[in-house]
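Engineer: predicted model follows, preceded by the sequence.
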Amino acid sequence: MKKIIYVDNAATTAMSDRAVEAMSRYFKEVYGNPSSLHTVGQTAKEALDEARASIAKCLNCEPREIYFTSGGSEADNQGIRSAALQGAKKGKKHIISTAFEHHAVLHTLKKLESEGFEVTYLDVHSDGLVTAEQVKAAIRPDTALVTVMYANNEVGTIQPIAEIGKVCREAGVTFHTDAVQAVGHIPVDVKADNIDMLSLSGHKFHGPKGVGALYCRRGLPLLTFIEGGAQERGKRAGTENLAGVAGMAAALGEACENLGKNALYLTRLREKLIDGLLKIPHSRLNGDRSKRLPGNVNMCFEGIEGESLLLLLDAKGICASSGSACTSGSLDPSHVLLALGLPHEVAHGSLRLSLCETNTEEDIDYIISEVPKVVEYLRNMSPVWEELQKGIRKHLI
Ligand SMILES: *Cc1c(COP(=O)(O)O)cnc(C)c1O
């Protein structure tokens, strides 16, 4: 079989051996319902408590501040809606966010706008960053919530979350962060970062899909979306996904143990990859080069379409992305690249390569040797590129 180089880890990751092994116990061995009072149930309850404690430790919070969900999207929905509706009770119906959030956040905010909330979307600078000063300037007496993502899923830029959190804390405004791309990849500490609510997802750090968590600081009200039993302190009914939760806890524990080592390794691969791809004429790196996730590379190549590039790379065994998985298949350029101020023509020619610890130096060498060939091939049949060459069109990169 052809060797596959998977560099789409921002979309999802393969599960780690430790996570698979941790899960396997919960199918036939520890199968109880944690709400049952008998031994089988109580064994399951203990495992659930352990997983919760282990995740809390990684985030520096209390176990009771962790609520398990079906993933990052649900955690975003629950956290944001809870804070918004709590604010509305006090007549506060203003929310601050950014233009380049994940759709789980943006679409939740759109819905809230249709329900009478007002949302200020902060402009993202061309380097893919927003500042605490911008947040501070946007806060009003009627601001109920600030939600700014920890690290962007497309361009990988890491926001100044501790500073933004401090501004919110001082103003008495609830601060939520979508940390799905950050947790397990860079240090995240809800206390040091002044975070009130945080979303995370198991499958972005080598855990299983369909399971995530919402951290909600003690004392902050949380809405119940799924009514039923008293699971998750009454905030989310339904028999717990114990295998998923255990797999996620194992994956996060492993990721946190190896955080520094992995970041060092990935940063080295990333820098090599960026240097190699920037040799392609009329190419650019999107997002600040240093304030970015260790494994994220996001480039634009002028005169080509990202989708064609992806398909040809796939034929060479390189699995990458042109943006977020949610928008692929549509012809609109990525809302994230547009938020960074890139023109449509440039944003169309984007490529995201998101690495993980199992990628090797040889993988990087192969990508650096293949991408330029594919870009050249596509440019040779691109009418846009021809116009650029003839000077009919001006180069934008
Ligand atoms: C993947 C992702 C989500 C959604 O998480 P799911 O577990 O797939 O629902 C939300 N936000 C960001 C930034 C993501 O990368």
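Structural biologist: Alright, I've got the coordinates.
Engineer: the residue nearest in space to the middle of the chain in helix, strand or coil?
Structural biologist: Geometric centre of the chain, nearest residue: Gln181, 3.1 Å, by C-alpha atoms, centre = their mean. Following DSSP: H, G, I helix; E, B strand; the rest coil, we place Gln181 in the coil state.
Engineer: and the pLDDT for it?
Structural biologist: Looking at Gln181, its pLDDT reads 98.
Engineer: now Ser382: closest residue in space that isn't a chain neighbour?
Structural biologist: If the residues on either side of it in the chain are set aside, Ser382 comes closest to Gly303, at 5.0 Å by C-beta to C-beta, 6 or more residues apart in numbering. In this view, the C-beta of every residue, glycine as well, is placed from N, C-alpha and C.
Engineer: tell me the contacts of the one you found?
Structural biologist: 282, 349, 378-379, 382, 384-385, 388 (C-beta atoms under 8 Å, 6 or more residues apart in numbering).
Engineer: that older thread, quick check: closest non-adjacent residue to the residue nearest to the centre of the chain.
Structural biologist: Ala151 (4.3 Å).
Engineer: counting neighbours, what do you get for that neighbour?
Structural biologist: As a burial measure, Ala151 scores 26 neighbours (other C-beta atoms under 10 Å).
Engineer: list the residues that contact it.
Structural biologist: 157-159, 179, 181-182, 185-186, 292-293.
Engineer: let's see 10 Å
Structural biologist: Contacts for Ala151 (C-beta atoms under 10 Å, 6 or more residues apart in numbering) come out as 10, 128, 157-159, 161, 177-183, 185-186, 188, 291-293, 296.
Engineer: repeat that for Thr108.
Structural biologist: Neighbours of Thr108 in contact, by C-beta under 10 Å, 6+ apart: 73, 76-81, 84, 95, 97, 101-102, 147.
Engineer: still on that earlier bit, the ligand versus the residue nearest to Ser382, what's the distance?
Structural biologist: 29 Å (C-beta to the nearest ligand atom, to the nearest Å).
Engineer: that residue should be in a strand, yeah?
Structural biologist: No. Per three-state DSSP, Gly303 lies outside any strand segment and is coil.
Engineer: can you narrow the contacts of Ala151 down to the ones near the ligand?
Structural biologist: 178, 180-181 (C-beta under 6 Å from any ligand atom).
Engineer: show me the helices in the stretch 1-150 of the chain, by range?
Structural biologist: 17-28, 39-59, 72-89, 103-114, 132-138 (DSSP state H, counting those that start in this stretch).
Engineer: buried residues in the last one?
Structural biologist: Burial within helix 132-138, assessed by neighbour count using 16 or more other C-beta atoms under 10 Å, is assigned to 132, 134-136, 138.
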